[in-house]
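Student: curious how this folds, go ahead:
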Amino acid sequence: MNFRITLVVLTFLLTSCEIFRTPAKTTKPPARTAAAGGSKAYHPMTKKAEYNPKAVRYGNQTVSDLINTARSYGGTNYRTGGGTSVGLDCSGLVQVSFKQIGLKLPRTAAEQAGVGEVINVRDLRPGDLVFFNTDFKGGASRINHTGIVTTVRGDADVLFIHASSSRGVIEDNLFADYWQRGFIKATRLLD
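Tutor: Presented below is the predicted three-dimensional model:
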């Protein structure tokens, strides 16, 4: 019996950050297109973010503020549905970080993926969002994980910060095998 309880708890902890959230309702299904390199891209209907135009500027202190806010949560424990320093999930980290610079984003990773302009991974810059399917089940493109690009040092060296269900808030390389396997798309919210 203890084995079953342990197995259930372990399964819960290792699943994506949005397992218990209801998916966003859409009136028409999102379109899927083939992206460069043969990977599949997910392109939901674009939603406009609510923002303060004076706060949303690329190339100045605003992006630094965004990244510094996200990094200030470094080491914070993972917590499903969390959005505070007590515990965060991936979309909670993104939401609270963007809120600090005046941009109000939806709560879930799937909903956040519908905000902003879809960009090519080769065009990534700090402040962009990256989205993943970490279920790895037969090519599904359901978005269940997100992070914020923090550093771009070359074509194969892009760091992003996210809330890992097993390691808390950390930075990882987008081009690590695990993240490449689950990568769906990237978006830009800051011009």
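Student: what's in contact with whatever helix or strand Val169 lives in?
Tutor: When elements are assigned from DSSP states H and E, Val169 belongs to strand 168-173. Contacts with strand 168-173, where a contact means Cβ atoms under 8 Å, 6 or more residues apart in numbering, come from 70-71, 73-78, 88, 93, 147, 150-151, 157-164, 179. The C-beta positions use only the backbone N, C-alpha and C, and glycine is treated the same way.
Student: let's see that with 10 Å instead.
Tutor: Strand 168-173 is contacted by residues 70-79, 85, 87-90, 92-93, 147-151, 153, 156-164, 178-180 when judged by Cβ atoms under 10 Å, 6 or more residues apart in numbering.
Student: and those, which are buried?
Tutor: Among these, those scoring as buried are 70, 73, 76, 78-79, 87-90, 92-93, 147-150, 158-164, 179 (criterion: 16 or more other Cβ atoms under 10 Å).
Student: where does this structure have low pLDDT?
Tutor: Low-confidence segments of the chain (pLDDT under 70): 1-61, 138-140.
Student: I'd guess Ser91 is in a helix, am I close?
Tutor: Yes. Under DSSP: H, G, I helix; E, B strand; the rest coil, Ser91 sits within a helix.
Student: how much space between it and Gln112?
Tutor: Separation of Ser91 from Gln112 (Cβ to Cβ, to the nearest Å) stands at 6 Å.
Student: please apply the same query to Val121.
Tutor: Counting by Cβ to Cβ - Val121 and Gln112 are separated by 17 Å.
Student: now the element after the strand holding Val169, going C-ward?
Tutor: helix 177-182.
Student: list the contacts of that next one.
Tutor: Applying Cβ under 10 Å, 6+ apart, the contact partners of helix 177-182 are 16, 37, 39, 121, 130-136, 143-145, 147, 156, 158, 160, 162, 172-174.
Student: out of those residues, which are inside strands?
Tutor: 130-132, 145, 147, 158, 160, 162, 172-173 (DSSP state E).
Student: and the residues you listed as JSON lines, adding distance to Thr187?
Tutor: Shown next, in JSON lines, are the ones in strands among the contacts of helix 177-182 (distance: Cβ to Cβ, whole Å):
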{"residue": "Val130", "distance to Thr187": "8"}
{"residue": "Phe131", "distance to Thr187": "7"}
{"residue": "Phe132", "distance to Thr187": "13"}
{"residue": "His145", "distance to Thr187": "14"}
{"residue": "Gly147", "distance to Thr187": "12"}
{"residue": "Val158", "distance to Thr187": "14"}
{"residue": "Phe160", "distance to Thr187": "12"}
{"residue": "His162", "distance to Thr187": "15"}
{"residue": "Asp172", "distance to Thr187": "18"}
{"residue": "Asn173", "distance to Thr187": "19"}
